[in-house]
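Trainee: Here's my sequence, what's the structure:
(chains A and B)
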Amino acid sequence: MTTTTAGGARPARHRVGARLSDALSRWVFMAPAAVILGAMLAYPIFYTVQISFARFDLMTFSAVEWVGWDNYVEVLDDYRFWSSMKVTMIYLVFALPIQIALGFGIAFLINAKWKGRGMLRALFLIPMVVAPVVAGGIWRMILDPLWGIVNWGLGLIGLGPMDWFGDPNLAMASIIIIDTWRWTPFVVLIATAALLALPRDIFEAAEIDGANWWSMLWAITLPLLVPIIAATFVVRWLGAVKMFDIALAATYGGPGGATNVINLFIYEEAFRSLRFAESAAMAVIVLVLTMVLTGIFLRSTRKLEQLY
Amino acid sequence: MNSRDGTTRSPGRHGLMAAVMSAVALGATGGTAAFAQGAGIGTADKPVEVRMVANEAFANQWQTLMVPEFNKKFPNIKVTIDGVPYVELLAKSMLDTTGPSPTYDILIADDPWVPQLAEIGALMDLRSDEVKGWTDPGFDWDDFNAAPLAASEWKGVQYGVPLRSNMLMMFVNKALYERAGVPVPTPTLTWDEYLAQAPRLVQDTNADGTIDAWAVDTYFVREPLTPTIWQTIMNSNGGRLLDDAGKPAFNTEVGIAALETHKKLLDFAPTGAVSHGFSESLQAFRQGLVATMFNWGSVYKGSAIDPKTTTLKPEQVGIQVLPVGSVSAGAHRGIWSGTVSAKSESKQAAWTVLQWLSSKEGEAWHSATLGVFPARKSTLAATPAEPWLVPVFDALQQAYAAAEIGQMWRIRHPRSDAAQQILADEVARAMAGQISAAEALQVAADRIEKIIK
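Mentor: Sure thing, here's the model as predicted:
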């Protein structure tokens, strides 16, 4: 251990040396992770950006010539891109609030102590572990107008048959139903954990003051949960914007382009039409939009946390 | 030069001389003996490895049944087949062949893919002088029907051989026709007659007050093969996809009428058919729910013969060309061709595999054992090994002829998949009623012209 003396140059040099050594050792420890992160995350993104500004040569399977904003102009001029963006927006506007409301609602209902609650929570995990393509395929069978059990059930009460994948609105509803089936349990899990972590003393005080179930929910539980709800929304948003495989397996983006979400469109343009440069441009546009919207949501979340 | 086992060899002057002398000797002794013995390719101790990339739909079947059969004759060529989903196969093939050291020696290409692969220099000319030396003189190129062989030709160069010659055909459930009192179709049935009969084929077969049988099921869903139905109707009425200058020529009255006919089929199809494609229509037909189905001929065995996959009996199922338009009957070419990678280090062995499978002997085994359709005139003219193949071969020969007359194949161009996807998008929008047939074809023509210019 060194002692500091006033005006001593040697200890000061030593402090600088120690700081440098500390920084160096931190970077040495961080370097492997940073390199791996750079290689696995940053490089593909940079490469995608590079392709988006280039002509993609299929002969060498690489970006060969700088074309500036041409690919972006081409994409922005393609009505199918805008149509897919609109479809994605419709899906997000309906799916996210439904999943959040349903997830927190179910969590609230099963929060009461009762036998078998643990088993029910475990069962909730099942949809999450089913591969999305499998989920899409299974639901395609369940909702099939000819052979599906849903239409059979509706037929028993004199309804239907409903053309779940043939009607544009019902096809979108089908996608939302399948996605909600898959992801609501995730929201339930987070909400359950949040409910269990709420401070009990506030509820006990409210009970002593004569608050009923509804006023406790409205005046205590929900305000306390607002930051969690907001954070869950952001996490689900990040998952939902990647919607692809369920649409691929269940509707192929149809009928027409009614469920052709943007990621499915990008995939088709890249791997079916071999338009890699234009697909890269689309991917970059979606990435930027997602980052901007995620930033807005995160700021809103922080504001809500401060508010409540 | 890098060998497959990774050692580096330099040909050198002596090596070159030896190679030239070997080639001369091979030519002098004749290719037949050389081909029969596997041209000395590999030994029991050191077999030559050949890797193939193919559609996963049949890759496993080939690996487990075809390769052992091939190895009876060529035991020193070890063939490994990787199955890849259809939608990823072209991209994977292109990515592989453009790499510095490609994995695959044989690429199995769907009908419209050869131009795309050929344009990037991925494929070997199978009629070049080099390949001639490895080819059995008994290998009769002229015996192939023109339509399937043309699938692997591009700009006058033959890059492949037909291995699985599929054609879009009309399947008929004769029992449903008889029940409805409608004459069972023949190859002379016209579209007008077909559409006039269709309402009677939408039936309540068990008299419970609910419709349980329909006239037709086929591709209506948003996918690249759906436009083949519209195109076949258009081609049989004299319409064309592209004109002689290579510009879109389908946006005409004939094209619009054909798309409207395709859409009209939905009126006589099962509920939800707008989301039906290959699997759904096949399932409906095999369960006896539809009187006709427009689908690929290769599903015949599973639809009529194999009781594990169909509820129908062989005598119930008919197969024929699609109805006749103003010019000809309808069909659509869907040939899987075998090609050799231009960068393969085992070109001779790869060509030996393809040569055997597309030979008269290989084709006969392939169709008798796996129900795969042949491309050779001699195979189609011969008495098939299985009796059920007799009507199938007749229908297939008619389909080849129709396809040749009407140029019934997808756009052949280095950007053909992009063009096909545009057709899929616009045909799907018309099917879903989002836009009119005329509008769909106008948009498709504009976009395709831009892409293939």
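
Trainee: tell me which residues form a beta bridge with residue B:170?
Mentor: On the basis of DSSP bridges, residue B:170 is bridged to residue B:294, residue B:320.

Trainee: Now do the same contact list for it.
Mentor: Residue B:170 makes contact with B:185, B:292, B:293, B:294, B:319, B:320, B:321, B:322, B:323, B:330 under the criterion C-beta atoms under 8 Å, 6 or more residues apart in numbering or on different chains. In short, each C-beta sits where N, CA and C put it, glycine included.

Trainee: and with 6 Å instead?
Mentor: B:292, B:294, B:320, B:322 (C-beta atoms under 6 Å, 6 or more residues apart in numbering or on different chains).

Trainee: Just the closest of those to residue B:52, please.
Mentor: residue B:294 (30.4 Å; C-beta to C-beta).

Trainee: From what I see, that closest one and residue B:219 are in contact.
Mentor: No: between residue B:294 and residue B:219 there is no contact under C-beta atoms under 6 Å: 7.4 Å.

Trainee: out of the two, which sits in the more crowded spot?
Mentor: Higher neighbour count among residue B:294 and residue B:219: residue B:219, with 27 against 24, using other C-beta atoms under 10 Å in any protein chain shown.

Trainee: which residues touch that one?
Mentor: Residues near residue B:219 by C-beta under 6 Å, 6+ apart: B:225, B:226, B:229, B:277.

Trainee: filter those residues to the buried ones?
Mentor: B:225, B:226, B:229, B:277 (16 or more other C-beta atoms under 10 Å in any protein chain shown).

Trainee: Pull the number of nearby residues for residue 262.
Mentor: You didn't pick a chain, so chain A it is. 26.

Trainee: Can you look at chain B instead?
Mentor: 25.

Trainee: hmm, back to that, from the contacts of residue B:219, which two are the most distant?
Mentor: Maximum distance among those (C-beta to C-beta): 10.5 Å, for B:229 and B:277.

Trainee: Let me see the domain layout of chain B.
Mentor: Following automatic domain parsing, one finds the domains of chain B at B:12-166+B:334-391, B:167-333+B:396-452.

Trainee: weakest of these by average pLDDT?
Mentor: Mean pLDDT per stretch puts domain B:12-166+B:334-391 lowest among the domains of chain B, at a mean of 85.

Trainee: which residues are common contacts for residue B:294 and residue B:219?
Mentor: residue B:229.

Trainee: rewinding a little: could I get the buried ones among the contacts of residue B:219 as CSV with secondary structure and distance to chain A?
Mentor: As requested, the buried ones among the contacts of residue B:219 are arranged in CSV below (DSSP: H, G, I helix; E, B strand; the rest coil; distance: C-beta to the nearest C-beta, whole Å):
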residue, secondary structure, distance to chain A
B:225, coil, 11
B:226, coil, 9
B:229, helix, 15
B:277, coil, 7
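
Trainee: Can you show me the strands along the chain?
Mentor: All of this is about chain A. Along chain A, counting by DSSP state E, strands occupy A:54-57, A:62-66.

Trainee: hm, I was asking about chain B
Mentor: Counting by DSSP E, the strands of chain B are B:48-55, B:77-84, B:106-109, B:153-154, B:157-158, B:160-173, B:214-217, B:290-296, B:317-320, B:333-340.

Trainee: just those strands: most buried one?
Mentor: Most buried of the strands of chain B, by mean neighbour count (mean count of other C-beta atoms under 10 Å in any protein chain shown): strand B:106-109, with a mean of 28.

Trainee: Would you state the predicted confidence (pLDDT) at residue A:38?
Mentor: 83.

Trainee: Give the burial count for it, as a bare number.
Mentor: Residues near residue A:38, counting by other C-beta under 10 Å: 11.

Trainee: how about the residues of chain B near chain A?
Mentor: B:87, B:91, B:95, B:98, B:120, B:221-223, B:270-272, B:274-275, B:417-418, B:421, B:428-429, B:432, B:434 (C-beta under 6 Å from any C-beta of the partner chain).

Trainee: Tell me the buried residues within these.
Mentor: For those, buried by 16+ other C-beta under 10 Å: B:91, B:98, B:120, B:221-223, B:270-272, B:274-275, B:417-418, B:421, B:428-429, B:432, B:434.

Trainee: Of the residues you listed, which belong to helices?
Mentor: Counted as lying in helices by DSSP state H, out of these, are B:91, B:98, B:417, B:418, B:421, B:428, B:429.

Trainee: Using CSV, lay out those together with distance to residue A:297.
Mentor: Shown next, in CSV, are those (distance: C-beta to C-beta, whole Å):
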residue, distance to residue A:297
B:91, 35
B:98, 41
B:417, 38
B:418, 36
B:421, 34
B:428, 34
B:429, 33
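
Trainee: so which pair among those residues is furthest apart in space?
Mentor: Among those, B:98 and B:429 lie farthest apart (C-beta to C-beta), at 34.0 Å.

Trainee: What residues does the stretch 1-150 of chain A have near chain B?
Mentor: Looking at chain B, the residues of the stretch 1-150 of chain A close enough under C-beta under 6 Å from any C-beta are A:58, A:59, A:60, A:61, A:145, A:146.

Trainee: Let me know the closest of those residues to residue B:335.
Mentor: Taking the residues of the stretch 1-150 of chain A next to chain B together and measuring to residue B:335 by C-beta to C-beta, the closest member is residue A:58, at 22.2 Å.

Trainee: Name the nearest residue to the closest one, ignoring sequence neighbours.
Mentor: Spatial nearest neighbour of residue A:58, excluding adjacent residues (C-beta to C-beta, 6 or more residues apart in numbering or on different chains): residue B:120 at 5.2 Å.

Trainee: Is it correct that that neighbour is in contact with residue A:59?
Mentor: Yes: the criterion here is C-beta under 6 Å, and residue B:120 meets it with residue A:59 at 4.2 Å.

Trainee: Identify the contacts common to these two.
Mentor: With C-beta under 6 Å, 6+ apart as the test, residue B:120 and residue A:59 reach no residue in common.

Trainee: what sits against the residue lying closest to residue B:218 once chain neighbours are set aside?
Mentor: Using C-beta to C-beta, 6+ apart and skipping the chain neighbours, the partner closest in space to residue B:218 is residue B:294 (4.0 Å). Applying C-beta under 6 Å, 6+ apart, we find residue B:294 in contact with B:170, B:218, B:229.

Trainee: how many neighbours does residue 175 have?
Mentor: Here I'm looking at chain A. Residue A:175 has 27 nearby residues by other C-beta under 10 Å.

Trainee: Please refer instead to chain B.
Mentor: Neighbours of residue B:175 using other C-beta under 10 Å come to 18.

Trainee: Double-check it against residue B:316; I have them as touching.
Mentor: Yes: counting by C-beta under 6 Å, residue B:175 touches residue B:316, with 4.9 Å between them.
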